[in-house]
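**Student:** After the sequence you'll find the predicted model.
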There are 2 protein chains.
Amino acid sequence: MKADAGGVELGENPKSSTPRSGLNRGLSILDFILRLIAIFGTLASAISMGTTNETLPFFTRFVRFRAKYDDLPTFTFFVVANSIVSAYVVLSLPLSIFHIVRSTAKNSRIILIIFDTGMLALLTAGASAAAAIVYLAHNGNTKTNWFAICQQFNSFCERTSGSLIGSFVGIVVLVLVIFLSSVAISRP
Amino acid sequence: MKADAGGVELGENPKSSTPRSGLNRGLSILDFILRLIAIFGTLASAISMGTTNETLPFFTRFVRFRAKYDDLPTFTFFVVANSIVSAYVVLSLPLSIFHIVRSTAKNSRIILIIFDTGMLALLTAGASAAAAIVYLAHNGNTKTNWFAICQQFNSFCERTSGSLIGSFVGIVVLVLVIFLSSVAISRP
């Protein structure tokens, strides 16, 4: 472990660049690990939502007896958003490894920040739209005459609710990744 | 002004710091203008959604004759999210002005990036959850027996759809702001 020499801005610290690049390397390794978590989270969400369907063993007052995730366009968007983000993070891994090796790289980190931010927005949009629909499926809305469907499709509801978790983990991880990148960029 | 020793990575560039801090000042001014746009967008969204209600002049098959934004919890969340982001961006203006004056500041920019990213996630969550519900109000969903309510509450639907615009403008602006900050941080 090397001693670090941060303190940008307040009090310049004209030491050699080695300790700083050591801290940057640590940040890059953390960045890599976080990206792995994001991949697992979003991929798990996409797969878990994408394989959701339930066939009821009995008749209900609804005409149909089968619930599938793509009955609701929002869930389709959720699966697409999670898949895109997951694929993006996989593609960003080589760059993340490059940052571990060349820990003073800046331009490539800026490029990553831009895409990370875009992907954060996409993932949040998918997760929160799906959460809004899941909430509606659980509670319904009497004012608009939208009934809760979770009494009928119980395991469908549990599955769709559960698949939100991975997405929200991904959101938190992406926020952390953007933060780490901005700290790494600020070090000269 | 200190002489700088940046140009890390691609080609060392030992010029004086004046042109760079000039570019940073330009970025900071752009940042300030973008924040003003974000304030107007999110505030307009919050007010426009928060004042939405419609009383029908005739009887329908629905029991109630009045639609208000807080009949749907998602719209309440939308108003809250937009208000919080709007208030945050107002509070961030002094720091943005400080960056125009002290264009080489870094630590304060990193702090702003963290909060900007969090606010981006909050705003995207609010806007996209509301968009999911607006979509449902327009199109309904036959599979779950959720009927479109826009035939009955026409102006309510137009108003809620319209108030999404300011929010999405705010999202785009926040992404740009984060990008500008990261570029400004990277310059030594």
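**Tutor:** All right, it came through fine.
**Student:** Could you count how many residues lie near residue A:94?
**Tutor:** Neighbour count of residue A:94, defined by other Cβ atoms under 10 Å in any protein chain shown: 9. In this view, the C-beta of every residue, glycine as well, is placed from N, C-alpha and C.
**Student:** The helix or strand hosting it vs chain B: in contact?
**Tutor:** Residue A:94 belongs to helix A:73-101 when assigned by DSSP states H and E. Yes - for helix A:73-101 and chain B, the contact criterion (Cβ under 8 Å from any Cβ of the partner chain) is met by A:73-74.
**Student:** what's the spacing between residue A:177 and chain B?
**Tutor:** Residue A:177 sits 10 Å away from chain B, going by Cβ to the nearest Cβ, to the nearest Å.
**Student:** Would you mark the buried spots in the strand or helix carrying that residue?
**Tutor:** Here residue A:177 is covered by helix A:154-186, with elements defined by DSSP H and E. Going by neighbour count (16 or more other Cβ atoms under 10 Å in any protein chain shown), the buried part of helix A:154-186 is A:156-157, A:159-161, A:163-164, A:166-171, A:173-186.
**Student:** I figured residue A:171 hits residue A:124, correct?
**Tutor:** Yes - under the criterion of Cβ atoms under 8 Å, residue A:171 makes contact with residue A:124 at 5.5 Å.
**Student:** which neighbours do those two share?
**Tutor:** Taking Cβ atoms under 8 Å, 6 or more residues apart in numbering or on different chains as the criterion, residue A:171 and residue A:124 both touch residue B:121.
**Student:** How about stretch A:97-116, which residues are buried there?
**Tutor:** Buried residues in stretch A:97-116, counted by 16+ other Cβ under 10 Å: A:99-100, A:102-106, A:109-110, A:112-114, A:116.
**Student:** now, which of those lie within helices?
**Tutor:** A:99-100, A:109-110, A:112-114, A:116 (DSSP state H).
**Student:** Among these, which pair sits farthest apart?
**Tutor:** For those, the maximum inter-member distance is 20.3 Å, found between A:100 and A:114 (Cβ to Cβ).
**Student:** so how far is residue A:98 from residue A:39?
**Tutor:** Separation of residue A:39 from residue A:98 (Cβ to Cβ, to the nearest Å): 17 Å.
**Student:** Work out the gap between the helix or strand containing residue A:30 and the centre of the chain.
**Tutor:** Using DSSP H and E, residue A:30 sits in helix A:18-50. When C-alpha coordinates are averaged (Cα atoms, centre = their mean, to the nearest Å), helix A:18-50 and its chain have centres 11 Å apart.
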